[in-house]
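> just the structure for this:
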Amino acid sequence: MKIAIVLNEDMGIGFAANAAACIVSGLFHQEKDLLGVQIDGNDLSFIPITKIPLMIFKQNSKSWDELLKRAKKNKLKYMLFTKEAQSTTDYTEYINRVANKRLEDVVPLGIGVLGEDSLVNRFSGDLPLLK
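Predicted coordinates:
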């Protein structure tokens with residue numbers, strides 16, 4: 001299993017970090033086997049982290065529609081993150097902003113996919129890493 005996240009590289013480092021964190025939290029929903037175990041240290045505990053690779057790519061010239069179609073074609077679990085999500089701190093407001101909307105009705109900022117390595121590689125193989 002592997003995760004690939006594709007982000008709009010123009011949003012700035014803080015917004016990109018926020019988008020990546022939100023996407024990963026969505027992809028890990030109901031995926032407890034992908035997390036490690038808590039590790040006890042000497043004077044603190046280390047919470048579980050991902051046991052699988054997580055790559056972050058630039059959107060580059062690929063449209064969000066094309067990336068969403070790739071995710072669906074490869075039968076990957078996917079999570080689209082939008083400006084509507086990032087621009088609110090109230091979850092009810094976010095629901096109201098995106099409920100019953102189509103891709104063309106929202107402003108995508110990123111997409112994350114989760115699946116078998118080969119399928120995720122097929123999804124992201126021509127995308128440059130975000131550096």
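
> check which helices and strands the host helix or strand of Ser118 sits against.
Assigned by DSSP states H and E, Ser118 belongs to helix 117-124. The helices and strands touching helix 117-124, judged by 3 or more C-beta pairs under 8 Å, 6 or more residues apart in numbering; DSSP states H and E, are strand 2-7, helix 64-73, strand 108-115. In this view, the C-beta of every residue, glycine as well, is placed from N, C-alpha and C.

> which parts of it are buried?
For helix 117-124, burial by neighbour count (16 or more other C-beta atoms under 10 Å) applies to 119-120, 123-124.

> closest one of those residues to Asp65?
Phe123 (14.1 Å; C-beta to C-beta).

> once you drop chain neighbours, what's closest to that closest one?
Spatial nearest neighbour of Phe123, chain neighbours left out: Arg70 (4.9 Å); criterion: C-beta to C-beta, 6 or more residues apart in numbering.

> that neighbour touches Asp126, doesn't it?
No - in this structure Arg70 lies outside contact range of Asp126 using C-beta atoms under 8 Å: 10.0 Å.

> compare the two (neighbour count), which wins?
Arg70 (22 against 11; other C-beta atoms under 10 Å).

> thank you kindly, that will do.
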